[in-house]
Structure formats: structure tokens, C-alpha cells
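**Q** Have a look at this prediction, sequence included:
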Amino acid sequence: MQNFKYFVASSIRKDDYQPPDWPIVADNYEKDVENSKNFFESFIKRTIKLGIYPCNLDEEKILKKTLEFSYAQVIQESNEKVKDSHLLTVLVSKLVSQTFELIAKSRAKYEFQVEKEVLKPFTALSEVQCIDLMKKRKNLVRACYEFHSAEEKRDSTAQSIRQIARNNLEKKIFPPRDEDPKINARVADYIGQEFSQLQQYATSDSLNKLYQALENVEMAENEMLRMRDDTLSDLFEFKATENDNAEILLNNLILHRQFLQDSLSIVDAKIPEVQKLISDRRVKLAYSCELVQHLKENKLSISYVLNFCISFLDDPEALKETRALNIMQAELRLAQSCGNIAVASAMKQYLRELPIPLLSCTTHPDTQSLWSTAAKRFARLLLYRSISRRDSDSSVAHFF
């Protein structure tokens with residue numbers, strides 16, 4: 001019997017059994033409930049399926065599933081393969097690994113908040129609120145169906161009484177019955193003036209059936225109206241909270257922005273530390289950088305370099321000294337004064353006749369006269385060439 005009732009209820013068309021005074025806007029709200037349920041349900045299922053946000057996990061478990069944590073683990077495992085822990089790459093990789101671990105913790109916190117403040121509210125909306133509303137609407141349709149069925153049974157019972165009474169009237173039959181003022185009053189109220197003519201010809205059993213049918217109609221109507229008001233109240237309440245549901249998605253963006261800001265702060269704090277480590281461990285080789293970069297790193301001016309080169313070339317005693325030194329010792333002398341990279345670069349520019357950046361500096365008061373003197377004594381540079389023949393790989397020989 002229960003399965004039969006379910007079959008009847010499931011085959012009822014909603015449009016055929018609308019409750020009285022049902023507003024049109026309620027149908028629109030009902031569609032909104034169904035669409036919202038479909039959205040929330042799809043959002044949650046696809047999010048979990050794609051693994052965007054792990055569900056039902058604490059922060060520690062979420063942390064181990066993040067991409068940043070896995071990347072940090074890869075770096076640490078790679079470092080374990082290196083025997084020399086003082087290798088610059090290893091030192092830098094440790095800082096990078098620490099950075100990704102911090103980002104992973106930030107992501108775990110973010111994903112935990114998303115589950116708590118986005119996924120769980122959406123789950124409650126789709127699996128509780130929307131489902132309850134849709135069930136109430138179906139129950140209301142069934143209540144309308146039962147009300148109309150009770151009305152049809154009442155009408156058929158009343159029609160049966162009329163038919164029996166008319167038959168008895170034609171045959172002048174007065175059936176015995178027990179008088180019940182309550183039943184007579186209720187039936188008379190429904191049948192009207194016709195009841196006074198048919199009352200004495202109707203059977204007690206038929207009158208009792210009509211009375212019961214009238215009671216059933218009243219009960220079904222009261223239940224239908226109660227469910228109608230309850231469903232309407234919930235529909236309007238759901239529509240009123242639509243902004244709250246939309247703000248859940250907005251909160252998702254806010255949480256994501258906070259995660260990105262935290263990650264950026266972590267990276268910004270680590271980058272200078274990594275840069276300093278690389279700079280401090282940089283191996284400076286001759287001619288490994290341009291003059292401008294070298295001067296900037298060592299806080300030197302180009303006029304100082306030029307003046308040193310000119311003074312060195314203009315000093316006969318220095319030239320005599322270089323005769324007794326090999327080329328590497330000469331380079332050490334230059335390096336102790338201002339750096340062989342700077343001297344070499346300045347001499348390159350001088351020999352290539354690119355005096356614009358050199359002549360633009362006026363730090364030394366006798367720059368022009370020294371420049372002229374140095375140009376006249378260019379022949380002295382040949383001495384460097386003769387010295388460099390002993391070592392073909394020397395840096396000074398490379399200039400020529």
C-alpha cells in the first residue's frame with residue numbers, strides 16, 4: 001500500500017495541483033532553489049574530484065598534499081645526494097626549500113579555511129536546505145492531490161445519497177435510521193435546501209459516509225493550507241539569503257587573495273637573503289664582468305681607475321719595477337690598488353679610442369694633461385707586451 005501511495009505521489013503533476021492563492025513569484029523562487037542546489041552540488045563534487053580542495057582533513061594532512069610541500073621535499077632529497085654541503089647550489093636550495101615550506105603552510109591554512117567557510121556551507125545548502133525545500137514542495141503537491149481526492153470522494157458520496165434518496169422517494173420507502181443532530185447539521189449545511197426533502201429517504205449509513213467525507217475534506221484542506229504557508233515562508237526566506245550565499249563565493253576570493261599576499265610576502269622576504277648569499281659567494285674572475293658593474297659593486301668611480309692607469313704608465317720607476325716582476329705579480333700590484341678588472345676594462349676602452357665615458361669625469365684636476373701625457377707615452381705600453389711573451393695567458397697580453 002505504501003509503494004502504491006509513492007507511485008501515485010510521484011506521478012502527480014505539480015501544475016495540476018497548485019494550492020489556492022499560490023503566488024506566481026513562488027514558482028520562480030522554487031526554480032531558484034533547484035538551480036542553486038544543482039550549482040552547489042556540482043561545485044562540491046567537481047572540486048573534490050579534481051582535488052582542488054581536500055575535504056575532511058586537518059591542516060597537517062592538507063600540508064603534505066600541497067604542491068609546494070612536495071617541491072620542498074624534492075629539493076631536500078636532492079641535497080641529500082650531495083656530499084659537499086658547502087656547495088653554493090646546496091646552500092641556495094636550502095633557502096628555496098624553506099621558502100616553499102612556508103608557502104605550503106600558508107596554502108594548507110588557506111585550503112582548511114576554504115573547506116570550513118566555503119565547502120561546508122555549500123554542502124549544507126545543497127544537502128539540507130535545498131533538499132528540505134524541494135521535499136516540502138513535493139509534499140505540498142501531494143497534499144493538494146489528497147485535498148482534491150477528498151473533494152471528489154465527498155462529491156461522489158453526496159451524489160450517491162441523492163440517488164438513493166430519490167429512489168426511495170419514488171418507491172415511498174422510509175428507511176429506518178438513528179438520528180444524529182451533529183451529522184444531520186453538517187450534511188444539511190453541505191447539501192442545502194435539498195436535504196430537507198431527501199433526509200427522510202436517506203439511510204443512516206450513507207449519511208455517515210457523507211459526514212466522514214466532509215471531515216476528510218476539511219482535514220486535507222487544513223493540512224494543505226498549513227504546508228502551503230510553511231513552504232512559502234521557507235521559499236521567501238531562501239530568496240532573502242541569496243546574497244549570503246553569493247558572499248560565500250566572495251569570501252573564497254578574499255581567502256585566496258590573503259593566501260597570495262602571504263605567499264608574496266614570504267617570497268619577498270627570502271629573495272634578498274638568497275641574493276646576498278649568491279653575491280657573497282660569487283667567484284670574481286678577471287674580465288668576468290663589465291667595467292660599469294665592477295665600479296658599482298666596489299663603489300669606485302671611472303675617473304679614479306683612469307687616473308691610476310695614467311699615473312702608472314707615467315711613472316718610470318713603476319715601469320722599471322715591472323721589468324723585474326713577472327706578469328702575474330704586476331697584476332697583483334694592480335689588483336691591490338683598484339682591481340685588475342677595472343684596470344683592464346679602462347685600458348680596453350682607452351686603446352679602443354672610446355674616451356667619451358672616461359673624459360666625462362672631472363674628479364682629478366689634471367685629467368686632461370695626464371691624458372695627453374699618457375697618449376704621448378703610448379710606446380711604453382709595448383713594454384707590457386714584451387713582458388707578456390713569457391706567459392701567453394696573461395690578462396695584460398690579452399689587451400693587445
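**A** Perfect, thanks for sending it.
**Q** list the contacts for F238?
**A** F238 is in contact with Y29, D32, V33, S36, Q129, C130, L133, counting by Cβ atoms under 8 Å, 6 or more residues apart in numbering. Any C-beta I mention is one placed from the backbone N, CA and C, and that applies to glycine too.
**Q** I figured the third one hits D132, correct?
**A** Just to be clear, that refers to V33. No - between V33 and D132 there is no contact under Cβ atoms under 8 Å: 9.7 Å.
**Q** who has more neighbours, these two?
**A** V33 (21 against 13; other Cβ atoms under 10 Å).
**Q** Just give me the neighbour total for the nearest residue to the more buried one once chain neighbours are set aside.
**A** Nearest residue to V33, sequence neighbours excluded (Cβ to Cβ, 6 or more residues apart in numbering): L133, at 4.9 Å. As a burial measure, L133 scores 22 neighbours (other Cβ under 10 Å).
**Q** What separation do you get for L133 and F40?
**A** For L133, the distance to F40 equals 13 Å [Cβ to Cβ, to the nearest Å].
**Q** swap in D21?
**A** D21 is 31 Å from F40, by Cβ to Cβ.
**Q** check contacts around the residue nearest to D230 when sequence neighbours are not counted.
**A** Spatial nearest neighbour of D230, chain neighbours left out: K136 (6.7 Å); criterion: Cβ to Cβ, 6+ apart. Shown in contact with K136 (Cβ under 8 Å, 6+ apart): M227, D230, T231, D234.
**Q** host element of K136?
**A** Of the helices and strands defined by DSSP states H and E, K136 is found in helix 130-171.
**Q** Out of the contacts of F238, the closest to A240 would be?
**A** Comparing the contacts of F238 against A240 with Cβ to Cβ places Y29 closest, at 10.0 Å.
**Q** leaving aside the residues next to it on the chain, what's closest to that closest one?
**A** L235 (4.4 Å).
**Q** what's the distance between the one you found and T99?
**A** With distances taken as Cβ to Cβ, L235 is found 51 Å from T99.
**Q** Ok, V274 next?
**A** 8 Å.
**Q** Which one of these two is surrounded by more residues?
**A** T99 (22 against 17).
**Q** Next up, the contacts around that one.
**A** Contacts of T99 by Cβ under 8 Å, 6+ apart are I266, V267, K270.
**Q** Contacts for stretch 256-265, please.
**A** Taking Cβ under 8 Å, 6+ apart as the rule, stretch 256-265 contacts I103, S106, R107, K109, Y110.
**Q** Just the CA trace of it, in PDB.
**A** Provided in PDB are the C-alpha atoms of stretch 256-265 (Å, rounded to 0.1, in the frame of the first residue of the first chain):
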ATOM      1  CA  HIS A 256      42.600  33.300  -2.000                       C
ATOM      2  CA  ARG A 257      43.900  36.900  -2.000                       C
ATOM      3  CA  GLN A 258      45.100  36.600   1.500                       C
ATOM      4  CA  PHE A 259      47.000  33.400   0.600                       C
ATOM      5  CA  LEU A 260      48.600  35.100  -2.400                       C
ATOM      6  CA  GLN A 261      49.600  38.100  -0.300                       C
ATOM      7  CA  ASP A 262      51.100  35.800   2.400                       C
ATOM      8  CA  SER A 263      53.000  33.900  -0.300                       C
ATOM      9  CA  LEU A 264      54.300  37.000  -1.900                       C
ATOM     10  CA  SER A 265      55.400  38.300   1.500                       C
END
